[in-house]
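# take this sequence and fold it.
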Amino acid sequence: MIIAVDGPAASGKGTIARALAAHYGLPHLDTGLLYRAVGMGTARAGGDPDNEADAMAACRFDEALLADPELRSEAAGALASRVSRHPGVRASLLAYQQDFARQPGGAVLDGRDIGTVIAPEADAKLFVTASAEVRAERRHREDAATSYDDILADIRARDERDSGRSAAPLRQAEDADLLDTTNLTIGAAVQRAIALVEARIRR
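As a prediction, the model looks like this:
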């Protein structure tokens with residue numbers, strides 16, 4: 001069984017995807033980490049994340065980089081949003097993600113284009129979202145050193161980049177179930193996600 005979980009930054013999709021993987025006993029891949037690794041690798045090499053050639057040079061990274069805690073930072077997220085606009089970068093990482101999704105038994109993947117590009121054949125697809133203001137509040141609780149206004153501005157900029165890029169833009173797949181977590185607790189959001197997946201499986 002393949003479960004695709006898409007959505008914008010700080011919507012709760014990662015938390016929901018991990019919970020679904022635990023519930024169904026499936027491996028989980030946060031595909032955003034791949035782009036964060038490319039973005040961080042580009043920056044560390046002195047490259048320009050907005051230059052496709054520089055970003056492509058960072059696509060062959062050591063998988064140990066995926067465990068680097070710095071990849072979870074706001075800076076890494078912003079770099080990921082910039083390098084992910086390049087068609088060459090997306091093509092380079094495509095096979096890795098598709099192989100993970102199609103492994104025996106299936107998997108849970110979360111990102112921006114899982115249900116539309118990586119695994120359009122997924123058995124269940126969720127598009128997880130929340131208001132920009134609530135997403136900024138969530139990030140601000142994790143990173144109190146950065147002002148709420150700066151985080152909100154960054155989230156809105158990332159939404160615009162992710163939705164407006166020509167290569168695999170962020171959008172809800174036509175057959176995906178919408179899960180708005182704006183007014184939901186983590187527990188309620190997870191239960192709702194499980195219910196939506198169960199309903200899909202029974203169809």
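
# switch to C-alpha atoms for all contacts and neighbour counts from now on
Noted.

# quick one: contacts for Asp30?
14, 109-111 (Cα atoms under 8 Å, 6 or more residues apart in numbering).

# kindly report the same for Arg158.
Going by Cα under 8 Å, 6+ apart, Arg158 touches 9, 78, 81.

# what's the nearest residue to the most centrally placed residue in the chain if we skip its chain neighbours?
For the chain, Gly111 is the residue whose C-alpha lies nearest the centre (Cα atoms, centre = their mean; 2.5 Å). Nearest residue to Gly111, sequence neighbours excluded (Cα to Cα, 6 or more residues apart in numbering): Asp6, at 5.0 Å.

# who touches that neighbour in this structure?
Taking Cα under 8 Å, 6+ apart, one finds 13, 110-115, 125-128, 172 in contact with Asp6.

# what's the per-residue pLDDT of it here?
Looking at Asp6, its pLDDT is 97.

# and Leu79, its phi and psi?
phi -60, psi -40 (degrees, to the nearest 10).

# where does pLDDT dip in the protein?
Within the chain, not a single segment meets pLDDT under 70.

# and the strands in it?
Secondary structure of the chain by DSSP state E: the strands cover 2-6, 28-30, 107-111, 124-129, 177-180.

# quick one, which of the ones you listed is nearest to Glu52?
If you check each of the strands of the chain against Glu52 by Cα to Cα, strand 107-111 wins as the nearest, at 20.5 Å.

# done for today, thanks.
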